[in-house]
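> Build me a model:
(one chain, ligands or ions: 1)
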Amino acid sequence: MKADTERARSAAQAIIRDFAVKSPPVPIERIIKSKNIVLQYAPLEEELSGMAYIKDGVGIIGVNALHHPNRQRFSAAHELAHHELHAKEIRKTVHVDREFRVLLRDDVSSQGVNPLEIEANAFASELLMPRELLMTALGDGGLDLDDEAGIDALARKFRVSPAAMRYRLTNRL
Ligand SMILES: [Zn+2]
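Just a heads-up that it's a prediction; the model follows:
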């Protein structure tokens, strides 16, 4: 199976349209609750980001409460992707995610090559940093990728980690 990131991004864009999100940050908790998915925060081992599963027909997302809040948002969005795109695959098992190392450019782990994870990351990236809102935030001048302070400020605005923002700006806009 090859990752279909276009489908993943389209699904995220559809949610942004449905919720008429006009400015960052994207209300990820509200979006998840509207899907009747239970969002739980729990202290997990450091390398665990989150998990997605279905219990008695109810979708559940678990997020590591010990991580930085902005990272928790990405984890929640990533797990939402599994419910939205991969319900069939997670029906029979608890899907557990370790660190999304795909976001670190120099480290390609299994997270980065598993098609489901690539799709979930593309979905989460598009959902939390929607193209339109990002273009508006960047303005006409754009942003120099060497401008660390600028990337940090943009990341704070969208409430994502600087690493996630850098990845978004570098790879897919
Ligand atoms: Zn995953």
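
> for whichever residue of the chain sits closest to the ion, phi and psi?
For the chain and the ion, the shortest gap (Cβ to the ion) falls at D97, measuring 4.0 Å. C-beta coordinates here come from the backbone N, C-alpha and C atoms, glycine included. Here is the backbone geometry of D97 (degrees, to the nearest 10): phi -110, psi 130.

> Would you agree it is in contact with M51?
Yes: using Cβ atoms under 8 Å, D97 is in contact with M51, at 6.5 Å.

> residues in contact with the residue of the chain closest to the ion?
L48, S49, G50, M51, A52, S75, H78, E79, Q111, E117 (Cβ atoms under 8 Å, 6 or more residues apart in numbering).

> partners of the third one in the sheet?
Going by DSSP bridges, G50 is paired in beta bridges with V63, D97.

> And the buried ones among the contacts of D97, selectable in PyMOL?
Of the contacts of D97, the buried ones can be selected in PyMOL as follows, counting by 16 or more other Cβ atoms under 10 Å:
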select buried, resi 48+49+50+51+52+75+78+79+111+117
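
> Contacting the ion as well, which ones from the contacts of D97?
E117 (Cβ under 5 Å from the ion).

> Give me the subset of the contacts of D97 lying in strands.
Mapping these onto strands (DSSP state E) picks out L48, S49, G50, M51, A52.

> so where is the protein shaky, pLDDT-wise?
Along the chain, segments meeting pLDDT under 70 span 100-112, 172-173.

> and the residue most central in space within the chain, which of the three is it?
Centroid check for the chain by Cα atoms, centre = their mean gives A124 as the closest residue, at 2.4 Å. Following DSSP: H, G, I helix; E, B strand; the rest coil, the label given to A124 is helix.

> quick one: it and F74 touch, right?
Yes: using Cβ under 8 Å, A124 is in contact with F74, at 5.5 Å.

> For this structure, just list every one of the helices.
Counting by DSSP state H, the chain has helices at residues 5-18, 28-34, 69-85, 87-90, 110-113, 115-128, 131-138, 148-158, 162-171.

> The fourth one and the ion in contact?
No: legend: contact between helix 87-90 and the ion by Cβ under 5 Å from the ion is lacking; minimum distance shown is 9.1 Å.

> Name the residues that touch that helix?
Contacts for helix 87-90 (Cβ under 8 Å, 6+ apart): A52, Y53, I54, G59, H82, H83, H95, L116.

> Could you list the residues of the protein in contact with the ion?
Contact residues, the chain versus the ion (Cβ under 5 Å from the ion): D97, E117, A120.

> which ones are touching the last one?
A120 is in contact with A8, H78, E79, A81, H82, L85, H86, counting by Cβ under 8 Å, 6+ apart.
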